[in-house]
Each structure stands twice: as structure tokens, then as C-alpha cells.
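Trainee: dropping the sequence and predicted coords here.
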Amino acid sequence: MKIASINVNGIRDAVDRGFLDWLAQQDADVVCVQNIKAKSFELGDHILYPEGYEGYFLDAEEDGFSGVALYCRKIPKAIMYGLGFPQCDHEGRFLQADYDRFSIATFLMPDGSDQKAKQAFMEQYQEYLTKMSRKRREYIICGTWHIAHKTIDLANWSDNQLTSGFRPEERAWMDQVLGPTGFIDTFREINRDAGEYTWWPKLDQDVPRDRQEGWRIDYQLVGPNFRRHVVDAWIDYDATFSEFAPLIVEYDLAL
């Protein structure tokens, strides 16, 4: 099973830059999309239902803001929209597809432009993650978490210790998620190298991404029972339709 996760930072602009062409080449079972920045009813069928996929969308109430989507080759048994608290649901930040053995979610953390709002979200989201970790069902949570966990996960970390996304309290929160709460960072199961990034805040499209300062703030997290099912994980640096790069993980699982 192949799962791709990508923050398109505006799906209409991403489509204009080749997102659907990229999607058609992936042969992914599920594609988790973040930052739609559009109302789904405004989008054409070629975006809502690309060939070979069923599309599911959760819009933010505010125009041109947030929103997440799932593209699924196999129709899920159920779709869960939101998490039941207003900051998440009104802003379109969590969408989950349920299959027989496990669930796959697309998720978008607040970016920290309002740090108090981000912290409030993290506190409520932690409660949900703790409940998830206690269930028999397994979860794969994909998306932009807007936190670089370790110093190897961003360039010039020493200059960014008070920057949203690398503040001590945010990193401590990720320590909790990837520690006592029990989730696993699938990418780091495969690749422990520094300099692996999924977002470039000052991206210059004329300069190769591996020569620019980036952050790794996108993750696919699984529970400890799924650690053994992670086969491969990589970042697709050739996809240039967003200042984010897709994170792709292969699992020895079937939908």
C-alpha cells in the first residue's frame, strides 16, 4: 500500500502547476491533501474526482483558508469529518477514511500565525491522539503538523528556536506524541539523515530545493503495531507544484 501526503497550499494553483499530472503518475492507494484553500463546491469534477480516485473534502468555513481532502482508490467503509471540537471542524483540519483493519487521516495543524490558537489546538488534539492510541483500531495520520521535531529537521535550527514550528513547547508536544502517546514517525524509521525537508518558507523555484533552507514539518504517523509494516519512505523533491514536497510511504498492508 502506498500513501502520499501533500500540502498543496491552494489546490487550484497546484492544479495549474501540475498537481493532477503528478497524481496520475503516483499509483498511490490514498493521497492525503492539506491546505485546499477552496470550497469543494467551487471545484470542477476533474479536481473532485480524478481518474481512478474517489475524492472526499472537508472545507473550512472561512473562504480561501485551510481545508483537507482524501483521494482514495478503494471506497472507504466510512468517512469521519472533523474531530468534534470547533477549532478543528470549522477550519477543516481533519478528515478520516475508515477501512476494515485501519483508518487513514489527513490532517492540518494551525501554522502558528496565532500562537495561542495553535497551542489551544494542540491541547485538544492531544486528548484525541491519546484516545486513538488506546483503541484496538490502527491509524495512519498524514499531514502538515507545522512542527519540526528535532534539530536535524530544519536548516539553521539555532536561529529558529523562538520561531513558531520550532519553539520549545511545540517540540516538547511532539516528544509527547512520539513518546508516551506511542506514535511512530514513519519517515525516520527509514531515513535518519539531516537535510531532509518538506517545506521551504522562502522557496526559490529557480534554485534546486536541496540547496535551500527548509523544514521537515510533514509526517505520516502510525501506532507501534504498524512499525513493522513500514517498507519505504521518501520525499518527492521533483514535485514542484507547491512550496511543500510530497511525503510518500509504502506499507506492506492492503486496503
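Mentor: Yep, it's here.
Trainee: phi, psi of Gly84?
Mentor: Here is the backbone geometry of Gly84 (degrees, to the nearest 10): phi 90, psi 0.
Trainee: same deal with Pro224?
Mentor: phi -60, psi -30.
Trainee: give me the number of residues near it?
Mentor: Look at Pro224: counted by other Cβ atoms under 10 Å, it has 11 neighbours. C-beta here means a position set from N, CA and C on the backbone, and glycine is covered the same way.
Trainee: so Lys131, which state does it fall into?
Mentor: Secondary structure, DSSP: H, G, I helix; E, B strand; the rest coil: Lys131 is helix.
Trainee: and it, how many neighbours does it have?
Mentor: 9.
Trainee: and what of Leu20?
Mentor: Other residues near Leu20 come to 17 when the count uses other Cβ under 10 Å.
Trainee: kindly report the same for Gly84.
Mentor: Neighbour tally, Gly84, other Cβ under 10 Å: 11.
Trainee: span of stretch 82-95 from start to end?
Mentor: This stretch, stretch 82-95, spans 6 Å end to end (Cα to Cα, to the nearest Å).
Trainee: any idea how far Ser103 lies from Ala78?
Mentor: 9 Å (Cβ to Cβ, to the nearest Å).
Trainee: between these two, who's got more neighbours?
Mentor: Under the neighbour definition other Cβ under 10 Å, Ser103 and Ala78 were set side by side, and Ser103 has more, 20 against 9.
Trainee: and Ser5, its phi and psi?
Mentor: Torsion angles at Ser5 (phi, psi; degrees, to the nearest 10) stand at phi -130, psi 130.
Trainee: show me what contacts it?
Mentor: 31-34, 106, 142-143, 218, 220, 246-248 (Cβ atoms under 8 Å, 6 or more residues apart in numbering).
Trainee: give the closest residue to it in space, chain neighbours not counted.
Mentor: Distances taken as Cβ to Cβ, 6 or more residues apart in numbering put Cys142 closest to Ser5, at 3.8 Å, once the chain neighbours are dropped.
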